[in-house]
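Colleague: everything below, folded, please.
(one chain, ligands or ions: 1)
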Amino acid sequence: MVNPVNLLAENPLREGLDETNVPVAATIVIFGVTGDLAARKLSSALYNLAHDNLLPQPYTVVGVGRRDWTDEKLRDEMSKDVAKFSRTGINDTVWSGFAESMFYQQVQFDKVEDYHKLGERLDQLDRERGTQANRLFYLAIPPDLYSEVAGFLGESGLNKSDGYTRIIIEKPLGKDLDSARVLNQNLRKVYQEDQIYRIDHYLGKETVQNIAVFRFANAIFEPLWNRNYIDNIQITVAETVSVESRGQYYDESGAMRDIIQNHVLQVLSLVAMEPPAVWNAMDIHDEKVKLLRAIRPIDPSEVGQYSVRGQYSEGSVEGKQVKAYLQSDEIAPNSTTETYVALKLLIDNWRWADVPFYLRTGKALPKRVTEVALKFRNTPLTLFGKAAGTPTPNRLILRIQPDEGITIRFDAKLPGQAVKLREVNMDFRYGTSFGVPTPEAYERLLLDALLGDSKLFARDDEVDVAWVLMTRFLEGWAAQGITKLPQYPAGSWGPTEADEWIEQDGRSWRRL
Ligand code: BG6
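Modeller: Purely as a prediction, here's the structure:
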């Protein structure tokens, strides 16, 4: 048995943590191990945790799938995935230890007897490997199977054990408020809320976690962080990727369900919430829910006032030709699924009353940028005369990705005999300030789930309020009965309608 304290000492990523932050012995059971999420994200996240000595001691990984694979086949496939996707590459010694801890179990998801067999295998592995019946189940399967699989896990008794049993699921958690509630009820028939870990991978990003640290570990920003000083806040998730091979999922989903309902609302919650009394999961979730509940729900008939949608047409992104969304594989030729959406939300509380939050996201845009931009109110007057130029309102930009960092933009005097104002940047960059590698979001989240720490996961009521708010928009759009959405050429910054829409408020989008 490895001494946990030594592990901590050897590892810079564990700086500041103590032995209570080393997870106890456990088995990680990945349902859908033969699928895309497991291949792209989970295998390399687990491998990198093993590489950094952060996995429980001892640990076992059990891959579960419908295919007739063996332990050897799983190890082979995973080694290819890790070599391709891992941020640290693949190291033979680490890999062989990791591979020895990995097993495959075939399960037809609708056959209860297969779940019993899985249970027997897990018991046997517990005995052989000393994993003490602590089990983390990851449902990396199509979301329409969540209820069924959770039901069978319950029926076969796999929702409980002599250790802990936790389950991780990931969005989409429903399609709208009703379906999200049904899913939650089905899960709650089998699991207690504190056993359920709802992943939003944005919460695992270093820069998103840093929003809270920036706000609550510094004294100079928070006094300005309110309606007295801030004119508006823009949250952008711009993607260069198009729908690619995900047509079937995306056409059912669209930008609102794919990005806004989860990732963007989570970021917004962290930007706008009050400081929690204590930095623990319950208090953080409480504050986020309080914030989300203060967002003014729109009346569906006002949807045109509070949102704009668009769909990309043919164009080129980063020099590559992109075909129109409507011409893409698995997309209905008359689809009205949005690939771009912009919303305005108002938060009716003391801190934020009348400060608009503009949210936008889109596929096939010219640049991959995720950021939060706070625009401050202007100076009360122009002191330096016309020739100096009008002061530009200050901006504070939290750059979530890429080029992670924080920028403050302010006016300075241009050197010379006359007074002339010029906007300059004060910049913090993660890349240059810290010499440690940044873990992937899934590494952090898997580790937290193993530690039983749900701070960076979404609680059921957070997801519920988010759906309450977003369903108003979905209903409003459905009632509009639009048969063709505003188009924007792939490689442009969204439909011109989005610019006109924000200009009606006397504002404009930040140029990225
Ligand atoms: C996923 C969405 O949740 O987030 C994808 O389903 C999107 O459509 C992705 O591309 C963006 O994540 P990231 O980490 O690349 O910003």
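
Colleague: switch to C-alpha atoms for all contacts and neighbour counts from now on
Modeller: Fine.

Colleague: excluding chain neighbours, what is closest to the residue most central in space within the chain?
Modeller: The residue lying closest to the centre of the chain (CA atoms, centre = their mean) is residue 202, at 2.4 Å. Closest residue to residue 202 apart from its sequence neighbours, by CA to CA, 6 or more residues apart in numbering: residue 263 at 5.8 Å.

Colleague: contacting residues for that neighbour?
Modeller: Listed by CA atoms under 8 Å, 6 or more residues apart in numbering, the contact set of residue 263 reads 200, 201, 202, 203.

Colleague: with residue 260 instead?
Modeller: Counting by CA under 8 Å, 6+ apart, residue 260 touches 359, 361.

Colleague: can you give me the distance of it to residue 285?
Modeller: 18 Å (CA to CA, to the nearest Å).

Colleague: so how many other residues sit close to residue 302?
Modeller: 13 (other CA atoms under 10 Å).

Colleague: now the helix or strand hosting residue 47: how far from the chain's centre is it?
Modeller: Using DSSP states H and E, residue 47 sits in helix 43-51. Its chain's average C-alpha position is 19 Å from that of helix 43-51, according to CA atoms, centre = their mean, to the nearest Å.

Colleague: who wins on neighbours among the contacts of residue 263?
Modeller: Neighbour max across those (other CA under 10 Å) = residue 203, 23 neighbours.

Colleague: and the next element down the chain from the helix holding residue 47?
Modeller: Along the chain past helix 43-51, the next helix or strand (assigned with DSSP H and E) turns out to be strand 59-65.

Colleague: and that following strand, which strands flank it?
Modeller: Using DSSP bridges, strand 59-65 pairs in its sheet with strand 26-31 (parallel), strand 102-106 (parallel).

Colleague: and the angle for that strand with helix 43-51?
Modeller: If you take axes from the mean of the first three to the mean of the last three CA atoms, to 10 degrees, strand 59-65 sits at 170 degrees to helix 43-51.

Colleague: contact partners of strand 59-65?
Modeller: Contact partners of strand 59-65, identified using CA under 8 Å, 6+ apart, comprise 25-34, 74, 101-108, 125, 129, 131.

Colleague: list buried residues within the residues you listed.
Modeller: 25-34, 74, 101-107, 125, 129, 131 (16 or more other CA atoms under 10 Å).

Colleague: low-confidence regions, the chain specifically.
Modeller: Along the chain, segments meeting pLDDT under 70 span 1-20.

Colleague: convert the longest helix along it to CSV, retaining C-alpha atoms only.
Modeller: Longest helix in the chain by number of residues (criterion: DSSP state H): helix 460-480. Presented in CSV, the C-alpha positions along helix 460-480 are these (Å, rounded to 0.1, in the frame of the first residue of the first chain):
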residue,chain,number,x,y,z
ASP,A,460,-30.8,18.7,-8.9
ASP,A,461,-32.4,22.0,-8.0
GLU,A,462,-29.8,23.9,-10.1
VAL,A,463,-30.6,21.8,-13.1
ASP,A,464,-34.3,22.3,-12.5
VAL,A,465,-34.2,26.1,-12.3
ALA,A,466,-32.0,26.2,-15.4
TRP,A,467,-34.7,24.2,-17.2
VAL,A,468,-37.5,26.4,-15.8
LEU,A,469,-35.8,29.4,-17.4
MET,A,470,-34.7,27.9,-20.6
THR,A,471,-38.0,26.1,-21.3
ARG,A,472,-39.7,29.5,-21.5
PHE,A,473,-37.4,30.3,-24.5
LEU,A,474,-38.0,26.9,-26.1
GLU,A,475,-41.7,27.4,-25.8
GLY,A,476,-41.5,30.9,-27.2
TRP,A,477,-39.5,29.7,-30.2
ALA,A,478,-41.9,26.8,-30.8
ALA,A,479,-44.9,29.2,-30.8
GLN,A,480,-43.2,31.5,-33.3
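
Colleague: tell me how far that helix is from the chain's mean position?
Modeller: 18 Å.

Colleague: and stretch 136-146, by the same measure?
Modeller: The answer for stretch 136-146 is 17 Å, by CA atoms, centre = their mean.

Colleague: pull up the distance across it, start to finish.
Modeller: For stretch 136-146, the first-to-last residue distance is 15 Å (CA to CA).

Colleague: repeat that for stretch 479-495.
Modeller: Start-to-end, stretch 479-495 (CA to CA) is 21 Å.

Colleague: got the buried residues for it?
Modeller: Within stretch 479-495, the residues scored as buried using 16+ other CA under 10 Å are 485, 486, 487, 488, 489, 490, 491, 492, 493, 494, 495.

Colleague: and those, which of them are in strands?
Modeller: Under the assignment DSSP state E, these contribute 487, 488, 489 to strands.

Colleague: gap between residue 441 and residue 288?
Modeller: Distance, residue 441 to residue 288, by CA to CA: 20 Å.

Colleague: of these two, who's got more company?
Modeller: More crowded of residue 441 and residue 288, by other CA under 10 Å: residue 288, with 27 against 17.

Colleague: contacts for the host helix or strand of that one, please.
Modeller: Residue 288 is part of helix 281-294 when elements are defined by DSSP H and E. Outside of helix 281-294, the residues within contact range by CA under 8 Å, 6+ apart are 269-270, 272-278, 347-349, 453-456, 458-459, 461-462, 465-466.

Colleague: tell me where the stretch 151-300 of the chain has strands.
Modeller: According to DSSP state E, counting those that start in this stretch, the stretch 151-300 of the chain carries its strands in the segments 165-170, 196-199, 230-238.

Colleague: would you mind putting those into JSON lines with mean neighbour count and distance to residue 356 alongside?
Modeller: Output for the strands of the stretch 151-300 of the chain, formatted as JSON lines (neighbours: other CA atoms under 10 Å; distance: least, CA to CA, whole Å):
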{"stretch": "strand 165-170", "mean neighbour count": "20", "distance to residue 356": "29"}
{"stretch": "strand 196-199", "mean neighbour count": "24", "distance to residue 356": "28"}
{"stretch": "strand 230-238", "mean neighbour count": "22", "distance to residue 356": "5"}
